[in-house]
Structures are given as C-alpha cells and as structure tokens.
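Engineer: sequence and predicted structure below; questions after.
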There are 2 protein chains.
Amino acid sequence: MADRANDNITADDVARVAGVSRWTVNRAFKKDASISAATRARVMEAAGQLGYAPDLLAASLASDRSNLVALLVDDFANPHKLVMMERLTRILRQHGWDTLLVNTLDRNDATVALMNASQRRVDAAVLIGVNFDDQELETALGARRIRKLIVFARFSANPNTISICCDDRAAMLQMTDHVIGKGYRRPLFLAGPQTLSAHLMRKETFLARWQAATGTIAAFTSVARYDPTLAYATVTTHLTGLSADRRPDVIVCENDALAMGAIDAIRYEFGLRTPDDIAVTGFDDVPQTTSPNYRLTTYRQPLTAMVEGLVSVLKGETESADLSLFQGRMVIRDSA
Amino acid sequence: MADRANDNITADDVARVAGVSRWTVNRAFKKDASISAATRARVMEAAGQLGYAPDLLAASLASDRSNLVALLVDDFANPHKLVMMERLTRILRQHGWDTLLVNTLDRNDATVALMNASQRRVDAAVLIGVNFDDQELETALGARRIRKLIVFARFSANPNTISICCDDRAAMLQMTDHVIGKGYRRPLFLAGPQTLSAHLMRKETFLARWQAATGTIAAFTSVARYDPTLAYATVTTHLTGLSADRRPDVIVCENDALAMGAIDAIRYEFGLRTPDDIAVTGFDDVPQTTSPNYRLTTYRQPLTAMVEGLVSVLKGETESADLSLFQGRMVIRDSA
DNA sequence: GAAAATTATGCACCCGCGTGCAAGCGGACT
DNA sequence: AGTCCGCTTGCACGCGGGTGCATAATTTTC
C-alpha cells in the first residue's frame, strides 16, 4: 500500500489555506448555502489542493441525518434481488443516499444486524425480503432509531410501515385474463410461502378471478421458499400420477423463480413441453427468463418508478398515497 | 408510524439511572474493558430499561475505526455476485463489520460513489467486480482515506491492492486435465473481457497446458461482458458454418455465466446436445447451473475461507501471504 | 449619499463517544 | 499499621462538522 493515510485534512486546514473560517469552508461544500461565488471558488481551490472532503461521519453525527439507508435482504437465491439491488443502489446514490446491505437470512443474526444498522442512524430501513415473516417485521419495528420502515416490492398491511409496490391485484387480474383468454382450462396456482404482514395478494386474486370468469375452482399449492429447486419438487409431486386429461394445462406462478423450477420439472421429470403440454407464467421478469429454456411470460414491475417513490418518501415529500399502486406491464413470451 | 423517535437516549442518561459516570457506561458495552462484573450488570440493566445502544457514528468518529466495509460491485448480471454478497455480508457481520453496497456500474457514478464511501471512513474497499478495468482501480486508489483496497475473487498484480482469490492456475490446470482426460480433442476457450490489472489467468493457463499435454493449439475467443446473452451470440457466430468434424467438441468457459449462454446456443441455435455433441465447462458453481438444463461441470471457489481471509486482513492479522492461493474443488456434473 | 435591505462571514455550543491518565479503593505483605 | 500493587472508576480533551444567531460587508432603494 502506497501513501494512503494522508488523512486528517479537516475543514480547519482548508480554512487556513484559503484564509477564511472553518464554517465558510463547510458552507462552500453545501449546496445553496449563503456564500459568495468568489469565496467558494477560493475555498474549493484550497480544498482540491489539499485533497479535502467533508467527513460524512462527523456530519451525520452533528446533523442527525446520515444519508444512509439499510437494505434488508433475506433471500439471496432469487436473481431478481440482484436487479432490485442494482436499481436501488444506483438511484439512491444519485439522490445522495448510500446503502447498507444487511443480510437477514439468519433470524438470529437479523436482530443483531438490524440493531447495528439502527446504531448507525440509518434514515430508513428498506425490506426487499420476500421470506420475511411477521417476526422480522416486529424486530425491525422494535429497533430504535429506525425512522422509517419501508417494505419494497410487496404490500404490507402493517400500519407502521410504508409499502412501495406495484398494483399486484391489477397485475394478477391482467395475467389471469391472459391465461383465460389463451383458452387454458385446468390451472394450477403455485404460490410461495404464506406470511401474514406482508402478503402478496396474487393467489387470492387469481383464484377469485378464475372462479368469477369460468365458474370453476382453480387448484393451488405452495412452496416453502422462493426456490426453483423446491418448486421443481413440488410440481413433480403434484403432477405425478396424473393422467394427461387430469393434469393442469397451465401453471401460474407467484414469481419467476418458481416458474423456472416448474418448467424444468415439466420438461425433465415428465418429458412434457411448455407451453404445448403445460403452459407456465411467472412474475418479475428476471433476466434469466429470456433464456430459450424458458421464454417466460411474466410481469415486469416498474422498478425505477418505485425506487423514485422511495426517494420521495426519504425526502419526506411523499403524499403517502399511490405508493402501492404502481403499474407495471405484462411481458408475453412463449411460455403461455 | 407509531412511536419511533424516542431517540436521544445517550450514555449519559444510562449513567444517571445506573448511578455511575458516562465512561463507565461505555465501558460496560466494550468487551474486555476494565470494569467489575457487578457494575456492568447494573449498567446493562439500566441500559436495557431505557433501550439504550451505543451510537456507532459517534464511536467511529472518535475512534477512527468505522467497522464499515465498502463493497464495490460493477456487475449485477451474474448470479454469482449474489452468492458472494450473501457470504460476505454474513461473515463480515459475524465479525463486527457492516457492508456498504456501492454500485460502480456507471463509471461516472463510480468515482462519486467511491468518494462518498471514503468520506464515511470505511475501513476497506472490497472489489468484487469483474468488469472493472484499470481505471477503476486507479480511481479507488486515488480516493483518500480508503485504508485498504482489496480485490476479491480475482488476482490483482497491482502492488497497492491486496488480492484474495483462489489458486486460479491450479484450478484451471485441474479443469484442463479433466477435459483432456475425457478425451476431447478440439477445444474452444471462451474468455471474458480482458483487463490488465486484475486479470484471470484462466485462458493463458488453459492454452499452455493444452499445448503441453496434447501438442496441439487450442482455439479461443472472448466476450465483452460476462453476460450469457453475449456468450450465446459469440458462440453462435463461432460455430456457424462449421461442419461437424471441424467444430469444437468442448467449450471451456471462463465462468458459469458464459457457460450457460454457450449451452443455450449449442442447444437452441444448432440443435446439438451437451455433452454428446459439444461438452461445456464453467467456473463458479452458481446455483442456476444445477438446473437440468445445464448440469454444468464447474469449479467451486472456497468462498467461506476466502471471506475469512478477508476478515483477517481487516483485523490486520494477516501474514499477507497465501491469500491468492486458496484451493477450491471441481464439481463434476454432466456437461463435461 | 445615507438608510434600509440583503447577503457574507464568524462564532459559541452541541452531536455522543474514545483515549490516556489520574484518582479512588481494597487487599496482601512486611 | 503502613506501604505497595492491582483493579475500578472518573475526567479533560478531542473527533470533524452542523445550527442559529450575531456581526460585518455589500448592494439596493429613494
């Protein structure tokens, strides 16, 4: 390591060089501060020369605003998380926030991790977990100093949280109608884990719409985790022993991870084809679904708009309405 | 939002309740501090009652140790990143470090983002990017206050960095020998982008070993990004027009992302089978490769051990040797 | 051209905790 | 009983900057 450690250049040093007071130096670094263009230029010149940059730690301590957001993730198996992280970190950064990545996979660690985040005075905690249960929500809520608890990409009925998600109901209605319109008649809904606080209404929406539209009752089953391997196993179990005229002709999945497992099972366990023998739909539009192995018909959430909604919440300029009704769009490929 | 905001419980408040001085309160929260068991208990009791937790911002400011690590990621397309993030965040947390996720996808933002991280006094910056080029390295190095720059899962020749990775050469030799042993004779090496500072020696190793062992020269080509779609296109171009006796019988890929694209191309563009017509190998063992679509023969890096190596570097107890010679193991499935 | 209205700059005090050292306390030993 | 020693506890000062207001430097106004 070369000469890294010329630390300790503080605003005072810059002030000395620029011939102003320390406060003027800090003003120079603050947007729309009351300072003349000339002095600011002089300060910046000195700062650049010394390699000075304001210390965010000290700033956070003094101002009680950290510009830090904790991102709680409890599922690293779904590639969609990667997409969300990319979008979140990029856009948050553009608006001045940094992201603390908190792994809450292990329940025990989760409490500690969350506690830790709160001790760093994060401005908000954003949950993009899908497996999180009510207990995790409570833990998060219990943590002091977490000013805002935001559930992202999932609806939460908990009054202590702000949930930013797309209009799941509308999305699922659209998907259901598409499936019905395609002429499928024996559906199977493949749901993920069922939790209380932050629940997706996809299954309920699908079942209700299906019955209303066709007069028949749709079958469903659920998987304990959003894991393609588990979906594979569940679908295999479900289809085994069913004769061709009794097995489903379409499997509507709660998300792409499940859908990919389902397609694999259909193809490799039963030698059937998608969509000819059994069609499949997903949700999320993860990059992998474009592979010719899947060509999945799915639904894309308006992530960018949602993250911008998040930013407005962070800035405190939200009207708190319409944050759970973002409209995405269906992506129709070959799987259904 | 309910009653979140009973902030401002400081060590002083606890001290008052416990009937000790503020310093004693902080001692109680510090491992192996000089304090009697009795007082500590009394302090903790009071703290629990008040819901007090030390402020890490203030602590970092005062102690000049943030227990924060910046994780720089410039590729959110490869699912392997998700695996690494999970492992890194979990193990770092166990050792007391939090992780700042920095998106350096966009070169322009990267500088700002990195600057920002340094302003938070991160103890180290860890690069798990694969596309990062020399300029990015330089930017990182230029950032003040970044005490340690660590290149993770990739070898870096830059003397100002510490690189923690597996013994790529040994791994590739093993893979090459496996491929040779299987009897393949017309290989194609599919490499990723070629950068200078942090280069994988996989291609060189493969080509050299192949020639030494068989006396023939192996073909190779490269892809501009570690993206299955690009790999698909490149492989398609490469194979188009080749008669069966002139096309490769095995494609050795620099990582799984490329391998998956290759397999898709082989199957869907040419109607060929893997491994019967063209075998394929990858590197990383990402979860997706276990899908029956791929059943990829690949190489698994010892991530946990590597992260523990990282921790020891952070703790400053590393011998600085052996950090780039971790031994992983081949995972032989059906693709080769 | 002087008073009023702006805009610039400086400053005291605070954010919450860490560091190193000095003071307090009790027991063992001569 | 007095002294030395080791373990606890208290404290002054500092980490680097933010806030609100007072003061100084300009500019505007009539």
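Structural biologist: Here it is on my side, so go on. Keep in mind that what you see is a predicted model, and the values were worked out from it rather than measured.

Engineer: point to the residue nearest the middle of chain A.
Structural biologist: Central residue of chain A (CA atoms, centre = their mean): A:I128, 4.0 Å from the mean position.

Engineer: test my guess that that one contacts A:L82.
Structural biologist: No: contact criterion CB atoms under 8 Å: A:I128 and A:L82 do not qualify, at 10.8 Å. For every residue, glycine as well, the C-beta is placed using N, CA and C.

Engineer: what residues do these two have in common as contacts?
Structural biologist: Residues touching both A:I128 and A:L82 (CB atoms under 8 Å, 6 or more residues apart in numbering or on different chains): there are none.

Engineer: follow-up on the earlier one: for the closest residue in space to the residue nearest to the centre of chain A that isn't next to it in sequence, phi and psi?
Structural biologist: Using CB to CB, 6 or more residues apart in numbering or on different chains and skipping the chain neighbours, the partner closest in space to A:I128 is A:F152 (4.8 Å). Here is the backbone geometry of A:F152 (degrees, to the nearest 10): phi -100, psi 140.

Engineer: mind listing the residues bridging to A:F152?
Structural biologist: Counting by DSSP bridges, A:F152 is bridged to A:I164.

Engineer: those helices in the stretch 51-200 of chain A, which residues are they?
Structural biologist: Taking DSSP state H, counting those that start in this stretch as the test, the helices found in the stretch 51-200 of chain A are A:56-63, A:79-94, A:107-119, A:134-142, A:168-181.

Engineer: show me the contacts for the residue nearest to the centre of chain A.
Structural biologist: Neighbouring residues of A:I128 by CB under 8 Å, 6+ apart: A:L71, A:L72, A:V73, A:K81, A:M84, A:M85, A:L88, A:F152, A:A153.

Engineer: let's see that with 6 Å instead.
Structural biologist: Going by CB atoms under 6 Å, 6 or more residues apart in numbering or on different chains, A:I128 touches A:V73, A:M84, A:F152.

Engineer: please apply the same query to A:L57.
Structural biologist: B:L57, B:S60, B:L61, B:R121.

Engineer: which bits of the stretch 201-336 of chain A sit near chain B?
Structural biologist: With CB under 6 Å from any CB of the partner chain as the criterion, the stretch 201-336 of chain A comes near chain B at residues A:D264, A:Y268, A:S291, A:P292, A:N293.

Engineer: do you know the pLDDT at the first one?
Structural biologist: As summarised for this prediction, A:D264 has a pLDDT of 97.

Engineer: what is the burial count for it?
Structural biologist: For A:D264, the neighbour count with other CB atoms under 10 Å in any protein chain shown is 22.

Engineer: likewise for the last one?
Structural biologist: Per other CB under 10 Å, the neighbour tally for A:N293 reads 22.

Engineer: pLDDT-wise, which helix or strand of chain A ranks last?
Structural biologist: Comparing helices and strands within chain A by mean pLDDT, DSSP states H and E singles out helix A:134-142 as the least confident, with a mean of 65.

Engineer: about what we covered before: please identify the most buried of the helices of the stretch 51-200 of chain A.
Structural biologist: The highest average neighbour count among the helices of the stretch 51-200 of chain A, using mean count of other CB atoms under 10 Å in any protein chain shown, belongs to helix A:79-94 at a mean of 22.

Engineer: mind giving me the packing neighbours of that helix?
Structural biologist: With contacts defined as 3 or more CB pairs under 6 Å, 6 or more residues apart in numbering or on different chains; DSSP states H and E, helix A:79-94 has these neighbours: helix A:303-314, strand B:98-103.

Engineer: now do it: everything it contacts.
Structural biologist: A:99, A:128, A:284, A:286, A:288, A:303, A:307, B:76, B:79, B:82, B:101, B:103, B:113.

Engineer: which residues are contacting stretch A:245-260?
Structural biologist: Here stretch A:245-260 has contacts from A:78, A:179, A:184, A:186-192, A:202, A:206, A:226, A:228, A:231, A:239, A:262, A:279-284, A:286, A:289, A:294, A:296, A:298, using CB under 6 Å, 6+ apart.

Engineer: rewinding a little: need the pLDDT of the residue nearest to the centre of chain A.
Structural biologist: According to the prediction, A:I128 has pLDDT 90.

Engineer: got the phi/psi numbers for it?
Structural biologist: phi -120, psi 20.

Engineer: how about the residues of chain A by DNA strand D?
Structural biologist: Selection of chain A residues close to DNA strand D by CB under 7 Å from any atom of the strand yields A:7-8, A:10-12, A:22-23, A:26, A:29-30, A:52, A:54-55, A:58-59, A:61-63, A:65.

Engineer: so which of these sit within strands?
Structural biologist: With strands defined by DSSP state E, no entry of the residues of chain A next to DNA strand D lies inside them.
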